[in-house]
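Student: structure of the sequence below:
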Amino acid sequence: MGRSKTMNELKSMSRRTILTKVIALACFLIICMGGGGAIGAVMASDFGDDSDWYKSLEKPCFNPPNAVFGPVWAILYFLMAVAAFSVWTKTGFRKRPAPLIFFFIQLVLNFIWPLLFGTARQVFAGFVEIVILWVFIVITIFLFNSVEGRSWSHILLLPYLGWVTFATVLNWSIYDLNKDNDVDIGYVVGQ
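Tutor: Numbers count the residues shown, from 1 in each chain. Okay, here's the model as predicted:
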């Protein structure tokens with residue numbers, strides 16, 4: 001029943017509507033995956049094996065290998081793009097803008113975090129920013145869940161929320177392990 005309904009909807013769409021949706025999906029993918037990939041490429045020397053600073057930080061035992069981050073983020077950015085596109089197909093940018101406004105705010109916050117943590121080496125500021133990011137992700141999830149006909153789209157953001165939760169704990173742990181060391185981690189609370 002569901003599949004035949006989808007096929008009938010596709011048959012009833014004009015070529016222009018289909019083209020518009022394909023272009024929109026491509027835009028969401030480019031913004032999410034391309035933006036994330038660009039940030040990752042620019043930040044490569046600030047993180048991982050290419051960064052003497054990052055290698056010098058004491059890290060918790062649950063810190064994943066550097067090779068894990070790229071594939072995980074690629075999957076998460078893909079899921080984020082599909083979720084946002086699915087909401088856009090129901091709300092557009094004018095009909096009900098709040099879900100996509102919050103989506104793009106959290107995406108910008110996502111792109112800012114590596115600049116704070118890695119480039120600026122402000123580990124505590126990175127922690128504060130990632131907590132704010134986490135709140136915006138939760139709000140986005142609730143807003144996506146409230147979109148009639150697309151309430152499933154928020155499910156695609158749950159792995160992202162899980163990863164950012166893990167990254168928040170990791171960020172705090174790195175700060176806590178290094179706040180009394182000689183490594184430059186930026187601002188230290190109470191000092």
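Student: low-confidence ranges, this structure, go.
Tutor: 1-12, 190-191 (pLDDT under 70).
Student: recalculate using a threshold of 80.
Tutor: Within the chain, the ranges that satisfy pLDDT under 80 run 1-13, 44, 48-50, 187, 189-191.
Student: kindly list the longest helix within it.
Tutor: Looking across the chain with DSSP state H, the single longest helix is helix 66-91.
Student: residues of it that come out buried?
Tutor: Across helix 66-91, burial judged by 16 or more other CB atoms under 10 Å covers 72-73, 76-89, 91. From N, CA and C alone the C-beta is placed, and that goes for glycine too.
Student: following it, which helix or strand comes up?
Tutor: Later in the chain than helix 66-91, the nearest helix or strand by DSSP states H and E is helix 98-114.
Student: can you give me the helices in the chain?
Tutor: Using DSSP H, the helices of the chain run over 2-12, 15-29, 35-43, 52-56, 66-91, 98-114, 123-145, 158-178.
Student: what would those look like in JSON lines with distance to residue 185?
Tutor: Formatted as JSON lines, those follow (distance: least, CB to CB, whole Å):
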{"stretch": "helix 2-12", "distance to residue 185": "51"}
{"stretch": "helix 15-29", "distance to residue 185": "35"}
{"stretch": "helix 35-43", "distance to residue 185": "17"}
{"stretch": "helix 52-56", "distance to residue 185": "9"}
{"stretch": "helix 66-91", "distance to residue 185": "19"}
{"stretch": "helix 98-114", "distance to residue 185": "15"}
{"stretch": "helix 123-145", "distance to residue 185": "4"}
{"stretch": "helix 158-178", "distance to residue 185": "5"}
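Student: wait, which of the ones you listed is closest to residue 189?
Tutor: With CB to CB, the closest approach to residue 189 among these belongs to helix 123-145: 6.3 Å.
Student: what angle sits between that closest one and helix 98-114?
Tutor: Orientation note: helix 123-145 sits at an angle of 160 degrees relative to helix 98-114 (axes from the mean of the first three to the mean of the last three CA atoms, to 10 degrees).
Student: in helix 123-145, what counts as buried?
Tutor: 123-127, 129-130, 133-134, 136-137, 139-141, 143-144.
Student: got the CA coordinates for it in PDB?
Tutor: C-alpha atoms of helix 123-145 as PDB (Å, rounded to 0.1, in the frame of the first residue of the first chain):
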ATOM      1  CA  VAL A 123      39.200  23.500  24.700                       C
ATOM      2  CA  PHE A 124      37.000  25.000  27.400                       C
ATOM      3  CA  ALA A 125      35.300  27.300  24.900                       C
ATOM      4  CA  GLY A 126      34.800  24.300  22.600                       C
ATOM      5  CA  PHE A 127      33.100  22.500  25.500                       C
ATOM      6  CA  VAL A 128      30.700  25.500  26.100                       C
ATOM      7  CA  GLU A 129      30.000  25.700  22.300                       C
ATOM      8  CA  ILE A 130      29.300  22.000  22.000                       C
ATOM      9  CA  VAL A 131      26.900  22.100  24.900                       C
ATOM     10  CA  ILE A 132      25.000  24.900  23.100                       C
ATOM     11  CA  LEU A 133      25.200  22.800  19.800                       C
ATOM     12  CA  TRP A 134      23.700  19.800  21.700                       C
ATOM     13  CA  VAL A 135      20.700  22.000  22.900                       C
ATOM     14  CA  PHE A 136      20.100  23.200  19.300                       C
ATOM     15  CA  ILE A 137      20.200  19.600  18.000                       C
ATOM     16  CA  VAL A 138      17.600  18.600  20.600                       C
ATOM     17  CA  ILE A 139      15.400  21.500  19.600                       C
ATOM     18  CA  THR A 140      15.800  20.600  16.000                       C
ATOM     19  CA  ILE A 141      14.800  17.000  16.700                       C
ATOM     20  CA  PHE A 142      11.600  18.100  18.500                       C
ATOM     21  CA  LEU A 143      10.800  20.500  15.600                       C
ATOM     22  CA  PHE A 144      11.400  17.900  13.000                       C
ATOM     23  CA  ASN A 145       9.200  15.400  14.900                       C
END
